[in-house]
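from the sequence below, what's the structure:
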Amino acid sequence: MVLAQENKEPLVKISEILIDCQYLEEYKSILQEESKQSVKSESGVLILYAMQHEENPCKFSIMEVYKDKQSYDSHIASPHFQRYKQGTLHMVKELKFIPGKALNPQMFLDKNL
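Numbers count the residues shown, from 1 in each chain. I've put the predicted structure just below:
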């Protein structure tokens with residue numbers, strides 16, 4: 001992550017979340033709204049793509065790509081992310097972050113996005 005910050009490369013990670021199944025529909029609704037709001041209102045959030053696992057519908061993976069570390073820091077401080085975080089704390093049984101490095105940091109420029 002230090003390299004991403006120094007070179008202004010995208011910050012990439014996958015979040016894996018296991019929730020208490022009794023909150024499944026409520027969690028999905030909150031997650032969909034938060035991810036949509038983040039991409040729509042934050043220019044530094046390049047991708048926030050949530051996926052529900054087929055083999056365990058109470059498990060989610062979220063592919064996250066931010067313009068840089070500053071964009072990530074701004075995202076986690078945003079009011080809509082804080083509402084998501086605080087509103088789902090009681091639903092989350094496990095949370096794991098998998099940091100990564102973009103192999104092609106210019107991929108968005110290639111598509112003119």
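
pick out the residue closest to the middle of the protein.
Of all residues in the chain, the one closest to the mean position by C-alpha atoms, centre = their mean is residue 64, 4.1 Å from it.

give the closest residue to it in space, chain neighbours not counted.
residue 13 (5.2 Å; C-beta to C-beta, 6 or more residues apart in numbering). Where you see a C-beta, it was placed from the backbone N, CA and C, and this is true even at glycine.

buried set for the helix or strand encompassing that neighbour?
Using DSSP states H and E, residue 13 sits within strand 11-19. By neighbour count on 16 or more other C-beta atoms under 10 Å, the buried set for strand 11-19 is 11-12, 17-19.

just name the closest of the residues you listed to residue 74, please.
Distance to residue 74, by C-beta to C-beta, is smallest for residue 11 among the buried residues of strand 11-19, at 11.4 Å.

the residue nearest to residue 64 pairs with what?
Using DSSP bridges, the bridge partners assigned to residue 13 are residue 64, residue 99.

do I have it right that it meets residue 99?
Yes: the criterion here is C-beta atoms under 8 Å, and residue 13 meets it with residue 99 at 4.8 Å.

in the chain, where is pLDDT below threshold?
Applying pLDDT under 70 to the chain flags residues 1-7, 105-113.

now the helices: where do they sit in it?
For the chain, applying DSSP state H gives helices covering 2-7, 24-41, 69-77, 79-88, 107-110.

by contact count, what packs against the third one?
Secondary-structure packing of helix 69-77 (3 or more C-beta pairs under 8 Å, 6 or more residues apart in numbering; DSSP states H and E): helix 2-7, strand 11-19, strand 59-66.
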